[in-house]
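Q: Next one to model:
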Amino acid sequence: MPPPATLSASSSFTLLSPPPKLSSFLPKTHSFHSSTRYTPFTRLRHSPSSLTPRCAVIEKETPETEKPETFLRESSSPTSVRARFEKMIREAQDTVCEAIAAADGVGTFKEDVWSRPGGGGGISRVLQDGAVWEKAGVNVSVVYGVMPPEAYRAAKGAAADQKPGPVPFFAAGISSVMHPKNPFAPTLHFNYRYFETDAPQDAPGAPRQWWFGGGTDLTPAYIFDEDVKHFHSVQKSACDKFDPSFYPQFKKWCDDYFYIKHRDERRGLGGIFFDDLNDYDQEMLLSFATECANSVVPAYVPIIEKRKDTPFTDDHKAWQQLRRGRYVEFNLVYDRGTTFGLKTGGRIESILVSLPLTARWEYDHKPEEGSEEWKLLDACIHPKEWV
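A: Numbers count the residues shown, from 1 in each chain. So this is what the prediction gives:
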């Protein structure tokens, strides 16, 4: 079953995922520096009607014609973690888009730039109906907002009689989903983000909280063992440079998060996923997130180059479309980033950029046991250790 404390995949903030610690609105089963168990937002003592408007406050975006040098407020230091993380995700967006466009050879990215009056903004890039890609989106965003007191208490495990004022927060991230046309070429999703809260408005001087989250995962329609092993080997290599416990921990977290409960299966064949990381040195985690983002192209593009021109039949395409249906089901029903964004008025085109152009649902479809389609489904039901 998926851990109840996680968020990712699609986004209200055009990170394709909500700011990580807003995941703390949901039940948590792990902690960082203490043994505190976090109270789920839904268990706070309020009626459903009173909870409805108590969400993060985020300004509406304004379209821009040119990319600014930074989306940070002028008060931000260029040496701050915020500034260096924004620089990293914008460089990663350029690198990934360049590699994806080169692999396609025909399609080009449409770019939208937007900002918010109080600071922040983002860049959305989408390549659609190319030679290789049905749809590939790579988004970056920087968000300033205000977290309500109830959310802060839920996030920090504060006692019910503690009543902090509204809590300003900052979030920045990159997120991408790439859906190839060829059914033998896998879909990829990745997301890396950084989040901070300032002191509550009635508690100046309180310590600033920060954490990192993210992950990269693979969703094929057909299994080629060498492809999946290559992908997981790159994830493990990135993790092992920092802590040998990261890969097994984050691989399981990924398998658990991308679980479609009503189907009793995973969305794909996993990768790594982590959230709310702040129990390591901040500089180390910034370097780790950078390494993971820089690993996207070598983990994925060689697989695309190998599979993008593989001949396929209508039956292969139909199975891919059925698996795309599972992708849609997860993102719209379970992904907390998508549902948070839809409920809080996020930028809709960025929230839904993760969805494929086409998908398929057949009544009571069951692949023949032993077939290549069955092997994929079995691996989604019973996660494997690939490396």
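Q: Can you pull the poorly scored residue ranges out of the chain?
A: Within the chain, the stretches with pLDDT under 70 are 1-58, 148-165, 199-207, 340, 343-345.
Q: swap the cut-off to 50 and go again
A: Applying pLDDT under 50 to the chain picks out residues 1-53, 154-158.
Q: mind listing the helices for it?
A: Ranges of helices in the chain, per DSSP state H, are 48-51, 81-104, 149-156, 225-240, 246-257, 282-294, 296-307, 314-329, 336-344, 348-351, 372-381.
Q: In the second one, which residues are buried?
A: Across helix 81-104, burial judged by 16 or more other CB atoms under 10 Å covers 81-82, 85-86, 88-90, 92-93, 96-97, 99-101, 103-104. Bear in mind the C-beta positions are built from the backbone N, C-alpha and C, glycine included.
Q: what's the answer for the fifth one, then?
A: Of all the residues in helix 246-257, those buried under the rule 16+ other CB under 10 Å are 246-247, 250-257.
Q: could the residues you listed go into JSON lines alongside distance to A171?
A: Shown next, in JSON lines, are the buried residues of helix 246-257 (distance: CB to CB, whole Å):
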{"residue": "F246", "distance to A171": "22"}
{"residue": "Y247", "distance to A171": "26"}
{"residue": "F250", "distance to A171": "20"}
{"residue": "K251", "distance to A171": "25"}
{"residue": "K252", "distance to A171": "25"}
{"residue": "W253", "distance to A171": "20"}
{"residue": "C254", "distance to A171": "21"}
{"residue": "D255", "distance to A171": "25"}
{"residue": "D256", "distance to A171": "23"}
{"residue": "Y257", "distance to A171": "19"}
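Q: before we move on, the earlier item: of the helices of the chain, which approaches F184 most closely?
A: Proximity to F184, assessed across the helices of the chain by CB to CB, is greatest for helix 296-307 (4.6 Å).
Q: Show me how far the closest one is from its chain's centre.
A: Relative to its parent chain, helix 296-307 has a centroid offset of 19 Å by CA atoms, centre = their mean, to the nearest Å.
Q: so what does that helix touch, helix or strand wise?
A: On a contact count with 3 or more CB pairs under 8 Å, 6 or more residues apart in numbering; DSSP states H and E, helix 296-307 meets helix 81-104, strand 167-180, strand 187-197, strand 209-219, helix 225-240.
Q: Let's see that with 6 Å instead.
A: Here helix 296-307 touches helix 81-104, helix 225-240, going by 3 or more CB pairs under 6 Å, 6 or more residues apart in numbering; DSSP states H and E.
Q: can you put the ones you listed in TSV and add distance to I304?
A: Below are these laid out as TSV (distance: least, CB to CB, whole Å):
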stretch	distance to I304
helix 81-104	5
helix 225-240	10
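Q: Among those helices, single out whichever gets nearest to V353.
A: helix 81-104 (13.2 Å).
Q: Other residues contacting that closest one?
A: The contact list for helix 81-104 (CB atoms under 6 Å, 6 or more residues apart in numbering) reads 76, 109, 125, 130-133, 136, 138, 140, 142, 172, 174, 194, 286, 290, 293, 296-297, 301, 304.
Q: Same question for stretch 304-320.
A: 103, 132, 182-185, 221, 373.
Q: Could you identify the pair within the residues you listed that is furthest apart?
A: Farthest-apart pair in the contacts of stretch 304-320 is A103 and E373; separation 25.7 Å (CB to CB).
Q: Tell me the bridge partners for the closest residue to K110 other than its chain neighbours.
A: Counting by CB to CB, 6 or more residues apart in numbering, V126 is the residue found nearest to K110 once chain neighbours are left out, at 5.3 Å. When bridges are called by DSSP bridges, V126 pairs up with K110, G137.
Q: quick one: V126 and G137 touch, right?
A: Yes. Here V126 reaches G137: they are 4.6 Å apart, a contact under CB atoms under 6 Å.
Q: With neighbour numbers in mind, choose between the two.
A: Neighbours were counted for V126 and for G137 using other CB atoms under 10 Å; G137 has more, 27 against 19.
Q: dump the residue contacts of that one.
A: 126, 177, 353.
Q: switch the cut-off to 10 Å
A: 14, 16, 97, 100, 109-110, 124-128, 175-179, 349-350, 352-355 (CB atoms under 10 Å, 6 or more residues apart in numbering).
Q: And the buried ones among the residues you listed, selectable in ChimeraX?
A: Applied in ChimeraX, the following selects the buried portion of the contacts of G137 according to 16+ other CB under 10 Å:
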select :14,16,97,100,109,124,125,126,127,128,175,176,177,178,179,350,352,353,354,355
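Q: Could I get the CA-only coordinates of stretch 81-101 as PDB?
A: Only the C-alpha atoms of stretch 81-101 are listed here, as PDB (Å, rounded to 0.1, in the frame of the first residue of the first chain):
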ATOM      1  CA  VAL A  81      19.700  27.500  -1.400                       C
ATOM      2  CA  ARG A  82      16.600  29.000  -3.000                       C
ATOM      3  CA  ALA A  83      18.700  30.700  -5.700                       C
ATOM      4  CA  ARG A  84      21.000  27.800  -6.400                       C
ATOM      5  CA  PHE A  85      18.000  25.400  -6.600                       C
ATOM      6  CA  GLU A  86      16.200  27.600  -9.100                       C
ATOM      7  CA  LYS A  87      19.400  27.800 -11.100                       C
ATOM      8  CA  MET A  88      19.700  24.000 -11.100                       C
ATOM      9  CA  ILE A  89      16.100  23.300 -12.200                       C
ATOM     10  CA  ARG A  90      16.300  25.900 -15.000                       C
ATOM     11  CA  GLU A  91      19.500  24.400 -16.300                       C
ATOM     12  CA  ALA A  92      18.000  20.900 -16.000                       C
ATOM     13  CA  GLN A  93      15.000  22.000 -18.000                       C
ATOM     14  CA  ASP A  94      17.200  23.300 -20.800                       C
ATOM     15  CA  THR A  95      19.300  20.100 -20.800                       C
ATOM     16  CA  VAL A  96      16.300  17.700 -20.800                       C
ATOM     17  CA  CYS A  97      14.400  19.700 -23.500                       C
ATOM     18  CA  GLU A  98      17.500  19.800 -25.700                       C
ATOM     19  CA  ALA A  99      17.900  16.000 -25.400                       C
ATOM     20  CA  ILE A 100      14.200  15.300 -26.000                       C
ATOM     21  CA  ALA A 101      14.000  17.600 -29.000                       C
END
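Q: Alright, I will stop here.
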